[in-house]
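# 3D, please:
(chains A, B, C, D, E and F)
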Number of protein chains: 6
Amino acid sequence: MLLHLSTWAEVGEFLKRSRTIAVPIGSNEQHGPTGLLGTDWLCPEIIAHEAQRTADILIAPTFNIGMAQHHLGFPGTISLRPSTFIAAIGDWTRSLAVHGFERILFLNGHGGNVASIEAAFSEIYAEASFAKRRAGFALKLCNWWDLNGVGELAREQFPTGHGIHATPSEIAVTQWAFPDAIKSASYTPQIAASGPIREALDFRARYPDGRMGSDPGQATPEKGAALVKLAAQSLVRELDAFSREAVPG
Amino acid sequence: MLLHLSTWAEVGEFLKRSRTIAVPIGSNEQHGPTGLLGTDWLCPEIIAHEAQRTADILIAPTFNIGMAQHHLGFPGTISLRPSTFIAAIGDWTRSLAVHGFERILFLNGHGGNVASIEAAFSEIYAEASFAKRRAGFALKLCNWWDLNGVGELAREQFPTGHGIHATPSEIAVTQWAFPDAIKSASYTPQIAASGPIREALDFRARYPDGRMGSDPGQATPEKGAALVKLAAQSLVRELDAFSREAVPG
Amino acid sequence: MLLHLSTWAEVGEFLKRSRTIAVPIGSNEQHGPTGLLGTDWLCPEIIAHEAQRTADILIAPTFNIGMAQHHLGFPGTISLRPSTFIAAIGDWTRSLAVHGFERILFLNGHGGNVASIEAAFSEIYAEASFAKRRAGFALKLCNWWDLNGVGELAREQFPTGHGIHATPSEIAVTQWAFPDAIKSASYTPQIAASGPIREALDFRARYPDGRMGSDPGQATPEKGAALVKLAAQSLVRELDAFSREAVPG
Amino acid sequence: MLLHLSTWAEVGEFLKRSRTIAVPIGSNEQHGPTGLLGTDWLCPEIIAHEAQRTADILIAPTFNIGMAQHHLGFPGTISLRPSTFIAAIGDWTRSLAVHGFERILFLNGHGGNVASIEAAFSEIYAEASFAKRRAGFALKLCNWWDLNGVGELAREQFPTGHGIHATPSEIAVTQWAFPDAIKSASYTPQIAASGPIREALDFRARYPDGRMGSDPGQATPEKGAALVKLAAQSLVRELDAFSREAVPG
Amino acid sequence: MLLHLSTWAEVGEFLKRSRTIAVPIGSNEQHGPTGLLGTDWLCPEIIAHEAQRTADILIAPTFNIGMAQHHLGFPGTISLRPSTFIAAIGDWTRSLAVHGFERILFLNGHGGNVASIEAAFSEIYAEASFAKRRAGFALKLCNWWDLNGVGELAREQFPTGHGIHATPSEIAVTQWAFPDAIKSASYTPQIAASGPIREALDFRARYPDGRMGSDPGQATPEKGAALVKLAAQSLVRELDAFSREAVPG
Amino acid sequence: MLLHLSTWAEVGEFLKRSRTIAVPIGSNEQHGPTGLLGTDWLCPEIIAHEAQRTADILIAPTFNIGMAQHHLGFPGTISLRPSTFIAAIGDWTRSLAVHGFERILFLNGHGGNVASIEAAFSEIYAEASFAKRRAGFALKLCNWWDLNGVGELAREQFPTGHGIHATPSEIAVTQWAFPDAIKSASYTPQIAASGPIREALDFRARYPDGRMGSDPGQATPEKGAALVKLAAQSLVRELDAFSREAVPG
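Sure, this is the predicted structure:
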């Protein structure tokens, strides 16, 4: 069930069945010579939308802009500062909590978001902690590539050149979902270099085509299909387990 | 051209042809008994995506959560505070300016966003003003219902009961785009009441089913098709006019 | 009754009679070759002070600095950023609410303030909305030129060349109140140009003498007297109507 | 010369003669049984306006709301939080600096403002210090009761019962300026108690009628006249000395 | 008793005996040719740690970075902006209040901290004042040189050349505590100049070796020993008196 | 070389030899029945201070309060919110950058700090990225238990019951440094439970004595000595490698 295609009354009915919701969250940032700028928010959206076709779960709109300051040297990247990102995650969370959601799972598509999302969780929890009261909800961060079995499948599909940015697995997922937007390019070198991440100009100087450690040329829509199918199934199970957890109000 | 389905290099090429971009911006909030929660961000997204099918314009990802504090009494509404919203619009804008975009048009789908978006523009311009320098870019707010001819068409389609929230015109647009998500309900009264907008509990007490002044029952996918077609054409012309405006760097 | 010329006990007594207060709010910014820098806060102050001579209403001190970033290219302009403005309006409002004021009307004298004031209202209401409680007060924005009958009178007095900044109507109001500070200059052109509002350097380049669309040469103290008299009467009625509105605590 | 009764061109001319400006700053807060709520902003305004009648100095609009959180237990008090106050002082200062003012003297009327004003100065200077550049302007805080000779005169006028809040000297100043707003009451005890200042409820419990250490019954308009005359003269000299100080740009 | 060398259970036991805690607070900033960069946080730490050897008092970890923007022109200075400093003092205070501490004494070692600490207190108290509730705790600022008898001893030890920055008294205190870190240099002039404090480049230009009004050459470890002994005794008495004060919850 | 025991001139000299500095950073929070509240800031301080005895490295004062909101249910814990923590890390970093430090290594002692520190780095880098300029410095986060060889030694010393909070390794380090502050208690169960981390009341309910997964009873000063010795050596090598890295200005 997609929240944005539902009415408020339908969400009210859902809340009688479940207090759990999943929020796809990612980033809009360069993904190398062939990766889509939307890759990091499209992947969790694709997986979450697929998952809700087979289970009675609720998917929030996608939080599509994340922490991508290091990619600002490449056209098309849009980034929030961590402080803005934290404030926005807080408002999303407090909005959902107003309605009675007690378990909010952020299905994340961007490694660079992890620190800021966790900092945001602490910022939100701190309100309760300083006030000596229960939060009334539990927050969970789940990267789609960490969903049960997904990492193993990716390693099997791409034993070398998976890398950490513009990876063949994420590009495969978007290829499956947007076959009309598959791009091609030659990669030099075939597997990109890795190293530290700092400010945008430093990043562009180190990683001239935007990739880090990856060979996206291995991506195919078929591999993407397998990844999405598995990730969607795992997400359903993850939400089911999360839903069974007690959250004292 | 959709930015999120493009590579950074493609956006770099686009920037050689044009320095203008459109950002669909809306809100995720209750829209009465039959309106989709996503209505206010779906409408500008639908129109902008339609527009780019026929013209060489660039559409950013959709800014899908806006200022909807007054709707928080209805399940599914997600709102940013104005301060968070202003900070986020600032980061989107500064990101696009880094790449050289000089004219950024926000195609808005939510009346409640207008004040905060304009305040955000002033906040961003103020950085330049206090520093005694040119901004280097121009910001434009354009509500989709204010696009040339659209208001007239809506008044013709819905001479009574258009109202100001959960209007038949916006619901018609989403009906056209999401025919599988058309909802039905009986409305009591047929045309909802209007009045002031304050905090969420006050809003829910005044407007029990979420509508303000509207009769959404008049919406049809066909009327939505006409609205989208006209709005998309007007958006292309609006962007064209905006693109011809000089912006001193 | 002027709050700043009263004692706390007198305000305490007033609160037994009424829970309504008016706050003149404006901006200190250039107003063309002959307009006073204080025009936009003086006008609502003049009208509100006049109004309280004939009715038992309470007028707060004047909020005299607003959102005028676009005028910073002209000496004497003082501006708050929207974020600062919103924070300050919030603290004024929360202070008044502490004392039990339930209806706060901001009598505004600057068009450029409107978006930020409305954003401030939403920011304040959002505290209640996120906390699932009533605000306990109602906020109302009222531009003095929108007071009942005032716009009609101004259009009658100045059928052409009223414009939108450094208008003859606002200058007439200050001429009536400060006859010793009436300035004169020749205007070239007689009616200034209009256009978009962006950052300060852009504004000064477009509008070299500071006016937008106006011919302030038509202002006279007599016209100002008529405007003030009418506006003061309308303000009393506006506050009376506002006072009768129920505000659930 | 009063900035708010001048045109931008007149201020531009003034800047050719001087780069110094004075900003009256105070607070709107309870001042005991007979003191006006506006006392702390009226006093510096009265003195500064008097001073500019005899010298070519420029007086900004009055910053009329300050840090008065401890007085919020008494009706009519309006307070900014220190953080809001600091932000607003920053925007006033940066606005004046844009125009070329190099020496900004804040003539303060409220002891409770001192810490926040000094913190604001440090916040503003820190921008330059972190950027390794000159500020280009000098900020000076001057309490009106510290102007040369004023403290001595007040001690002579009120050898006992001057106290620290709702003092006879400040009340005398407002009595001189607003003879129609002189209030009377009996004081119990004649000289109020003193002690620490904490949150508002604590303050009201300690100081039930709002005074701290003072006997305002000694105030007369005549004493006020003498105080204003002396303070205005001293302010002119203070500004003159300040104006001669070099401020490296 | 040092909080950081205690367990949470031991602090829990202490809270049954006392609701009072002392927080050494200072700054890390240049202290002239021979003063340690840590002088301003080491002094209150030294005194507080000495005091707890003889009395059942609780000393928090040292808040070691304060408001030192004006010293940023000298290597090794680390400064918080006032806004950051205020936020951090707030979080320290709220943390201690969560545990039931009702009286928090900040033993300060840096004059430049005073305004920001007092502003921080007001910011914290304002939360209670705006919410119309008691704070539940009392905050006290105490500069170590203002502890009973300490100023007199310093004036006796250093009748001339004490000055206001890099004073012989503070340097003597650190000499006693860190005899291995005693530095020597010649001073030109022997007693440094004094004047205003503004941004960092201005400060360094005015005070080339970092001192203000002082002759640190008079410091000796023996004088430091006497200062520490007296200050520690006075701190114990100060805390004892503070502890007896009622704080309504 | 300890920065706080140096003069500004000595730091100036150091900067001619090296542009690298290490900042011990931790948290002041409960550490189970026997762990010191200061454990997480004492450990990196102990290691860093030990390291500088044998090498020409510069150690900043210790950043002793971190992100510990989840421990606020236990007396003595002091926590910054992530937003405050990020602001403070920013000011520390910008201060050091003013002096020309180009490589700043934060030696961290608290797992709960990691996300906020990384978010702070991104916040700082983003200033450069949005301004399209180089940062001029590189930031590195290094947990002391991740220093080369340290994790292996800890696993060897504590093959079971190391856990993740109040671990025997960190307690051993403090036992070595503060033998007079070694505490003892019986543990029930001997190895504590593990699980999720949320707000403070949830944490205390899950982990009643404060430990997570650990058996601190295995700690001895001797094991601590070995850990410190190894960690100090590794830190020197880490700083040496970091110092050799080029940082474009």
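# all contacts plus neighbour counts: C-alpha atoms, from now on.
OK.
# and the longest helix along chain A, what other elements does it pack with?
When secondary structure is assigned using DSSP state H, the longest helix within chain A turns out to be helix A:221-243. For helix A:221-243, the helices and strands in contact under the criterion 3 or more Cα pairs under 8 Å, 6 or more residues apart in numbering or on different chains; DSSP states H and E are strand A:20-25, helix A:39-51, strand A:103-108, helix A:150-157, helix A:168-177.
# which strands and helices sit next to the longest one?
What it means is helix A:39-51. Packing contacts for helix A:39-51, counted by 3+ Cα pairs under 8 Å, 6+ apart, involve strand A:20-25, strand A:103-108, helix A:168-177, helix A:221-243.
# do the same with the fourth one
Under the contact criterion of 3+ Cα pairs under 8 Å, 6+ apart, helix A:150-157 touches helix A:221-243.
# quick one, the helix it packs on and strand A:103-108 angle?
With axes from the mean of the first three to the mean of the last three Cα atoms, to 10 degrees defining the directions, helix A:221-243 sits at 160 degrees from strand A:103-108.
# what pLDDT, on average, does helix A:221-243 get?
Per-residue pLDDT values across helix A:221-243 average out to 98.
# just the residues contacting the longest helix of chain A, thanks.
For helix A:221-243, contacts defined as Cα atoms under 8 Å, 6 or more residues apart in numbering or on different chains pick out A:18-20, A:22, A:46-48, A:50-52, A:55, A:57, A:103, A:105, A:144-145, A:147-150, A:153-154, A:157, A:169-177, A:179.
# before we move on, what about stretch A:49-68?
Under the criterion Cα under 8 Å, 6+ apart, residues A:1-4, A:14, A:20-29, A:41, A:45, A:48, A:77-82, A:85, A:110, A:112-113, A:116, A:228-229, A:232-233, A:235-236, A:239, B:61, B:63-64 lie in contact with stretch A:49-68.
# possible to save the helices and strands packed on helix A:221-243 as TSV with distance to C:F130 and mean neighbour count?
Compiled in TSV, the helices and strands packed on helix A:221-243 are given as follows (distance: least, Cα to Cα, whole Å; neighbours: other Cα atoms under 10 Å in any protein chain shown):
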stretch	distance to C:F130	mean neighbour count
strand A:20-25	18	25
helix A:39-51	27	26
strand A:103-108	17	26
helix A:150-157	37	16
helix A:168-177	36	26
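# redo those as a markdown table? Include mean pLDDT.
Output for those, formatted as a markdown table (pLDDT from 0 to 100):
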| stretch | mean pLDDT |
| --- | --- |
| strand A:20-25 | 98 |
| helix A:39-51 | 98 |
| strand A:103-108 | 98 |
| helix A:150-157 | 98 |
| helix A:168-177 | 98 |
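# do you know how far the residue in chain A that chain E sits nearest to is from E:T93?
Closest approach of chain A to chain E (Cα to the nearest Cα) occurs at A:F130, with a separation of 6.5 Å. Using Cα to Cα, to the nearest Å, A:F130 is found at 10 Å from E:T93.
# do the same with A:S169
When distances are taken as Cα to Cα, A:S169 and E:T93 turn out to be 48 Å apart.
# would stretch A:7-15 count as contacting chain B?
Yes. Residues of stretch A:7-15 contacting chain B under Cα under 8 Å from any Cα of the partner chain: A:T7, A:W8, A:A9, A:V11, A:G12.
# tell me the pLDDT at A:G249?
Per-residue confidence (pLDDT) for A:G249: 76.
# these two touch, right, it and A:A128?
No. The pair A:G249 and A:A128 does not pass the contact test of Cα atoms under 8 Å, sitting 11.3 Å apart.
# what touches both of the two?
With contacts taken as Cα under 8 Å, 6+ apart, the residues that reach both A:G249 and A:A128 are A:R134, A:A135.
# of those two, who's got more company?
Taking A:G249 and A:A128 together and counting by other Cα atoms under 10 Å in any protein chain shown, A:A128 has the greater number of neighbours (19 against 9).
# contacting residues for the residue nearest to A:H31 when sequence neighbours are not counted?
Spatial nearest neighbour of A:H31, excluding adjacent residues (Cα to Cα, 6 or more residues apart in numbering or on different chains): A:A166 at 4.8 Å. Under the criterion of Cα under 8 Å, 6+ apart, the contact list for A:A166 reads A:H31, A:G32, A:G35, A:G210, A:R211, A:M212, A:S214, A:D215, A:P216.
# and those residues, which two are the farthest apart?
Of all pairs drawn from these, the one with the longest distance (Cα to Cα) is A:G35 and A:M212, at 12.3 Å.
# more neighbours: which of the two?
Set side by side, A:G35 and A:M212 show unequal neighbour counts under other Cα under 10 Å, the larger going to A:G35 at 32 against 26.
# mind putting the contacts of A:A166 into a markdown table with secondary structure and pLDDT?
Rendered in a markdown table, the data for the contacts of A:A166 read as follows (DSSP: H, G, I helix; E, B strand; the rest coil; pLDDT from 0 to 100):
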| residue | secondary structure | pLDDT |
| --- | --- | --- |
| A:H31 | strand | 98 |
| A:G32 | coil | 98 |
| A:G35 | strand | 98 |
| A:G210 | coil | 98 |
| A:R211 | coil | 98 |
| A:M212 | strand | 98 |
| A:S214 | coil | 97 |
| A:D215 | coil | 97 |
| A:P216 | helix | 97 |
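# for the residues you listed, which one is nearest C:I124?
When the contacts of A:A166 are ranked by distance to C:I124 (Cα to Cα), A:H31 comes first, at 40.3 Å.
# show me what the closest one is bridged to.
Each beta-bridge partner of A:H31 is listed here, defined by DSSP bridges: A:G35.
# name the residue of chain A that lies nearest to chain F.
Among residues of chain A, the one nearest chain F by Cα to the nearest Cα turns out to be A:A115. It sits 4.2 Å away.
# counting neighbours, what do you get for that residue?
Neighbour count of A:A115, defined by other Cα under 10 Å: 20.
# and chain A, which residues reach chain F?
Listed as neighbours of chain F in chain A under the rule Cα under 8 Å from any Cα: A:69-70, A:72-73, A:81-83, A:114-116, A:118-120, A:122-123, A:125-126, A:128-130, A:132-135, A:138-139, A:198-202.
# now, which of those residues lie close to chain B?
Applying Cα under 8 Å from any Cα to the residues of chain A next to chain F, one finds that A:L72, A:G73, A:R81 fall near chain B.
# reformat these as JSON lines; add neighbour count, secondary structure and distance to chain C.
Written out in JSON lines, the entries for these read as follows (neighbours: other Cα atoms under 10 Å in any protein chain shown; DSSP: H, G, I helix; E, B strand; the rest coil; distance: Cα to the nearest Cα, whole Å):
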{"residue": "A:L72", "neighbour count": "26", "secondary structure": "coil", "distance to chain C": "24"}
{"residue": "A:G73", "neighbour count": "26", "secondary structure": "coil", "distance to chain C": "26"}
{"residue": "A:R81", "neighbour count": "27", "secondary structure": "coil", "distance to chain C": "17"}
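# thinking again about what came up before, let me have the helices and strands packed on helix A:39-51 in TSV, adding distance to D:I89 as columns.
Shown next, in TSV, are those (distance: least, Cα to Cα, whole Å):
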stretch	distance to D:I89
strand A:20-25	38
strand A:103-108	40
helix A:168-177	49
helix A:221-243	49
